[in-house]
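>>> Can you look at this prediction? I've put the sequence above it.
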Amino acid sequence: MRTWIQALSLALFSLLFFFFANYKLPEWLPADIYLRLDPLLGLSAILSAREWIGRALWSLLLIGATLAVGRFFCGYVCPMGVAIDFLDPILGRRKARPGLKKEAPWRKAKFFLLILFLSSSLAGLTLAYLMDPLPLLTRFYTFVLYPLLITLINLFLDLLRPLTQALGWMGLSYQHYTQPVFYMTLITFLIFSGIIALNRIAPRFWCRYLCPLGAFLSLISPLGLYKRRVSKECNECLKCVRTCPMGAIEEDPKKTRLPECIQCRQCSKVCPKEAVSFPALPSTIRSRQLGGEYSRVDLSRRGFLYSFTGGLTAAFLIDRTPFTPVQGKHQLVRPPGALPEDEFLRTCIRCGECMKSCVTNTLQPCFWESGLSGLWTPQMDLRFAACEQNCNICGKVCPTQAIRSLPLDEKTHAKVGTAILLKERCLVWAQDKLCLICDEICPYNAIVFRTIDGYRRPVVIASKCNGCGFCEARCPVGGTSAIVVVPDGEIRLKEGSYIKEAKKLQLEFKADPGDDKFVLESSGFKVGEKEPPAKAEKPAAPPEKIPGKKPAGFL
Amino acid sequence: MGKDRNGMTRRDFLKTASAGMAMGIAGRPDWLLAKEDYDLAVISGDPAAATKKAVEALGGMPRFVKKGQRVVLKPNMSFANPADRASTTHPAVVVTVAQACLEAGAQRVMVLDYPLRKGELCLERSGMLDAFQALKGVHVLALEERKFYREIKVPQGKTFDRVEIMREVLESDVLISIPQAKSHSATGVSLGLKGLMGVIWDRYSFHSKYDIDQAIVDLASVIKPQLTILDATRALVSGGPGGPGEVVKPNLIIAGTDPVAVDSYAVSVAPWYGQNFKGRQVKHILTAHQRGLGKIDLEQMKILKEKA
């Protein structure tokens, strides 16, 4: 029963991730629902951003359910828990595991981590993403599983191709999925496999000792309805003690470490005397009737202080880098709709949903680009791929709205930067070649040609450029592009309309038809002159040395 | 002197008569004769009706597509814009052609392009996928992987001697080019000849390595669509090829077997960048003509102009 619910939960998580987190996502469907439900993420983002975050309020659902039922999330819903459970047999379930000699202090570790993460959030630095299971798993899905899956599917399609071609199944024989690629794939994989490997020491090692979300839920679980109860039938065979994946049963099997219990009911299943049950009891009679006392989480005052100040110190140490004061002057192009850098870093929970969903794969995780405080935050790699103008998925799937969910035309006005032409690299400027790819590809007509030194050369009109990066991505110059998008002029609003802001700044991202007339004028044309050119019938004119009198391509 | 009342010279009479006799000997029915005679069919009207009529005017699809043949349609699906932006071929035109191919007995109809933007977005937002939803047996695909291309030799190439072409184009029996009429910042206009850059793998070298006008003609020397049906129902006369730019509505479908002739006519149907041009004034079209790939002067073409 529990295994089925777990499988269902993992399936739902995977389904939302693989099939719905893309640009086609319907407005009503929260593909990031697991992340929204996570109260630790919500709380730490709210604390560090010092703002209410609408989507984080979804976590009240999970808080409410945990208050009512107990810590069921870890045993039934948490996809990381499912992954750990399901991957357990690989690591040799039947082997005796060494376990930890002195367990008690380890059990406290997760609470200390929780305090540390929350206090660092108070100081304005989010760290919870490092160990919160949901962003951890989502990152693993984004950076490892998703690329791997696409590789395997394509491999399969390649192998199948001779067959599909022979059968004339053309759709299938031309099927190919663009391979997503990411930085940070290896490191994400190592972290995840480390977590799974810890199971060799003790089952659910991660959940028992380290998971800060588990710690959070366990703190609010004591009020829960269902509690483990052991009847007098118990013959103290200790089977339950050995089986409990959380190590939640004390040496006296009648006693339960309630904050550790995830209600998996493994103990009641293995009990030969059927002495263990999980009755739903009203809280008033709970303490008297329960088979064991409720063991409180005993964090020493000292431990609390250490972890609390530890969080503050970490925030201090990590945030005090040259990056912090000069944010925005760094060469970092953030996704459209990203909050102002400071708020963005405080709010982003590094789950990677935006990068998974990105239709062009331009969103890539930061490593060191913005210091330690920016690990895994999304940035645009515009040399690699551009930002598609008809897509606004990154904001839609952002569980904390570090990237605001914007309608398409708002998103168009969320300027991420400005293209700058590096003339010494440009084929036209530096080598007098006839190259117009940046102009051809620019969706906003922000690149025009003007006659300079007797030659038509590309120029960027900054007020029309919203930094989408098609020019940078497609520039044929080897190495660094001859036209690069820098964050100059980016618009990042905490609230309010990007369209209004762009209008205020006199920016225009819908090129009007007048554009090319402007080009023609500047290249010596008399616009509006409709009479056919006089020498229309002239045969094969030699190629002009100075193209510039007519639009390119015309003689 | 020497002219009869109809204004026909004896020579003209003999020419026509002998041509007619030759055709007659070849066993072609009369009604087909007149139609095959046209270099171009220029039909005005709404996209689907005009396309249908243009194909009929050239002798009907069975002239080009035989039973059991494999057909590739190459429309312009390069951008993720709706049809009214005139940066992509009108889906109704493509559907009409595909339908005609199926009716002619085509074994397989593939609608292919290598879009400039993300393929799946282009197919969807250009309205192409929706338009083909009802038409079973036609595959609309964006081929964005090198494995779907194969290198061939270009014997008459001036700028390159090898080029990678979509396998399907090379292996199919019939290629029908269905370009959109639009301006182009590098080549002046982007019509049928320029549109064929959508069947090659590495088009960037055309821009950065080669003389693009010569390169287009090199490509045209190896890739010769049996039929070109140019969509000038709307024309993007500035801001091309991606737009946004000024869109005018010539409301025309221009069809013919000679890609150079189609392009040359198409140049004349709209003012480009606010100016009127002729086919001869477009470098790549003129070059194609000079290299013997087709007619360029409208005076020498037999053109059927009708309304749908």
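Good, I have the coordinates. Note that the structure is predicted; figures quoted are calculated from it, not measured.

>>> residue ranges with poor pLDDT in chain B?
Along chain B, the model assigns pLDDT under 70 to residues B:1-36.

>>> can we see that at 50?
Low-confidence segments of chain B, defined by pLDDT under 50: B:1-4, B:28-31, B:33.

>>> Helices of chain B, residue ranges please.
Using DSSP state H, the helices of chain B run over residues B:10-25, B:30-37, B:47-57, B:91-103, B:119-125, B:128-132, B:167-171, B:192-195, B:204-208, B:212-222, B:259-267, B:283-290.

>>> right, and those helices - which one's nearest residue A:360?
Taking Cβ to Cβ, helix B:119-125 is the member of these nearest to residue A:360, at 9.0 Å. Where C-beta positions appear, they are placed from N, C-alpha and C, glycine not excepted.

>>> check whether the closest one contacts chain A.
Yes - using Cβ under 8 Å from any Cβ of the partner chain, helix B:119-125 reaches chain A at B:121, B:125.

>>> can you list contacts of that helix?
Under the criterion Cβ atoms under 8 Å, 6 or more residues apart in numbering or on different chains, residues A:23, A:359, A:388, A:390-391, B:77-82, B:88, B:113, B:115-116, B:128-130, B:140-144 lie in contact with helix B:119-125.

>>> Check the residues you listed for burial and list the buried ones.
Among the contacts of helix B:119-125, those classed as buried by 16 or more other Cβ atoms under 10 Å in any protein chain shown are A:23, A:359, A:388, A:390-391, B:77-81, B:88, B:113, B:115-116, B:128, B:140-143.

>>> Which ones among those residues lie within strands?
Members of these lying in strands (criterion: DSSP state E): B:113, B:140, B:141, B:142.

>>> Find the one among the helices of chain B with the highest mean neighbour count.
Highest mean neighbour count of the helices of chain B: helix B:192-195, a mean of 30 (counted as mean count of other Cβ atoms under 10 Å in any protein chain shown).

>>> Against which helices or strands is that helix packed?
Contacts defined by 3 or more Cβ pairs under 8 Å, 6 or more residues apart in numbering or on different chains; DSSP states H and E place helix B:192-195 against helix B:212-222, helix B:259-267, helix B:283-290.

>>> Which residues are in contact with the residue in chain A positioned nearest to chain B?
Nearest to chain B in chain A, going by Cβ to the nearest Cβ, is residue A:553, at a distance of 2.8 Å. Remark: with contacts taken as Cβ under 8 Å, 6+ apart, residue A:553 is in contact with B:184, B:186, B:187, B:188, B:189, B:213, B:282, B:283, B:284.

>>> any idea of the pLDDT on it?
Note on residue A:553: pLDDT of 76.

>>> can you count the residues close to residue A:197?
Neighbour count of residue A:197, defined by other Cβ atoms under 10 Å in any protein chain shown: 13.

>>> okay but residue A:392 is in contact with residue A:411, surely?
Yes - with contacts counted by Cβ atoms under 8 Å, residue A:392 reaches residue A:411, the gap being 4.3 Å.

>>> anything in contact with each of those two?
By Cβ under 8 Å, 6+ apart, the residues touching both residue A:392 and residue A:411 are A:336, A:337.

>>> what does the helix or strand hosting residue A:15 rub up against?
Using DSSP states H and E, residue A:15 maps to helix A:2-15. For helix A:2-15, the external contacting residues (Cβ under 8 Å, 6+ apart) are A:34, A:75-79, A:81-83, A:85-86, A:137, A:141, A:264-265.

>>> could the contacts of residue A:553 be laid out in CSV, adding distance to chain A?
Converted to CSV, these look like this (distance: Cβ to the nearest Cβ, whole Å):
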residue, distance to chain A
B:184, 6
B:186, 4
B:187, 4
B:188, 3
B:189, 7
B:213, 7
B:282, 6
B:283, 5
B:284, 7
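
>>> burial count for the nearest residue to residue B:82 once chain neighbours are set aside?
What sits nearest to residue B:82 in space, not counting adjacent residues and going by Cβ to Cβ, 6 or more residues apart in numbering or on different chains, is residue B:127, at 6.0 Å. Per other Cβ under 10 Å, the neighbour tally for residue B:127 reads 19.

>>> what about residue B:127, distance to residue B:88?
8 Å (Cβ to Cβ, to the nearest Å).

>>> Also residue A:117?
For residue A:117 relative to residue B:88 (Cβ to Cβ), the value is 50 Å.

>>> hmm, back to that, tell me who's in contact with the residue nearest to residue B:82.
Neighbour list for residue B:127: B:82, B:83, B:91 [criterion: Cβ under 8 Å, 6+ apart].

>>> ok, so of those, who is nearest chain A?
Closest to chain A, out of all of these and judged by Cβ to the nearest Cβ, is residue B:82, at 10.2 Å.

>>> from what I can see that closest one touches residue B:131, true?
No - shown here, residue B:82 and residue B:131 do not form a contact pair, counting by Cβ under 8 Å, at 11.5 Å.

>>> re earlier: export the contacts of residue B:127 to CSV and tack on distance to residue A:344?
Shown next, in CSV, are the contacts of residue B:127 (distance: Cβ to Cβ, whole Å):
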residue, distance to residue A:344
B:82, 33
B:83, 38
B:91, 40
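
>>> tell me which of those is nearest to residue A:478?
Using Cβ to Cβ, these come closest to residue A:478 at residue B:82, 35.7 Å.
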